[in-house]
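Asks: Below are the sequence and a predicted model; questions follow.
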Amino acid sequence: MHELSICQALMEQVACVAREQRARRIVSVTVRIGPLAGVEPALLASAYPLASAGTLAADSTLVLERSALRVRCLQCGAESEAESSRLLCGACGDWRVRVLSGEELLLASVELERE
């Protein structure tokens, strides 16, 4: 389960933010996940309590936001949403597309409680 190692890396980022802001504790962590990120949101959520144990984020809430998969057609130039199982242009149906978003795994925000 590589989601645990992802959560551990996330905790390092969050701890850095907390130190910089002189936080007393971390209230919530919001992560944005694209459908092509290679991460299973349910497994990430189940790994979070293990990774956050013993840190300032121990009692925090993990908020998962899903981002849309957007593509730009190399044939007609249209931008549209697509499904991860069907990377096709939403306008003309062509398969030659460039992924614009949907591959990301981003730390979107951290809510802190300061002293």
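Replies: Noted; the coordinates are in hand. As the structure is a prediction and not an experimental result, all values here were calculated from the model.
Asks: How many neighbouring residues does Ala37 have?
Replies: 19 (other C-beta atoms under 10 Å). Using the backbone N, CA and C atoms, a C-beta is placed for each residue, glycine as well.
Asks: My understanding was that Arg22 contacts Arg114; is that so?
Replies: Yes: in this structure Arg22 lies within contact range of Arg114 using C-beta atoms under 8 Å: 6.2 Å.
Asks: So what sits opposite Cys73 in the bridge?
Replies: Val97 (DSSP bridges).
Asks: wait, what's in contact with Glu79?
Replies: Glu79 sits next to Arg70, Val71, Arg72, Cys73, Leu100 when contact means C-beta atoms under 8 Å, 6 or more residues apart in numbering.
Asks: That one bridge partners, please.
Replies: Going by DSSP bridges, Glu79 forms beta bridges with Arg72.
Asks: can you give me the helices for the chain?
Replies: Along the chain, the segments classed as helices by DSSP state H run 2-20, 41-52.
Asks: and the shortest one, which residues are buried?
Replies: Buried residues in helix 41-52, counting neighbours by 16 or more other C-beta atoms under 10 Å, are found at Pro41, Leu44, Ala47, Tyr48, Ala51, Ser52.
Asks: Show me the two of these that sit farthest apart.
Replies: Pairwise distances across those peak at 16.3 Å for Pro41 and Ser52 (criterion: C-beta to C-beta).
Asks: sorry, back to before: reformat the helices of the chain as JSON lines; add mean pLDDT.
Replies: Listed next are the helices of the chain as JSON lines, based on pLDDT from 0 to 100:
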{"stretch": "helix 2-20", "mean pLDDT": "95"}
{"stretch": "helix 41-52", "mean pLDDT": "96"}
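Asks: Using CSV, lay out those helices together with distance to Ala78.
Replies: Below are those laid out as CSV (distance: least, C-beta to C-beta, whole Å):
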stretch, distance to Ala78
helix 2-20, 33
helix 41-52, 29
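Asks: Go through those helices and name the closest to Leu62.
Replies: Closest among these, once you apply C-beta to C-beta, is helix 41-52, at 4.4 Å.
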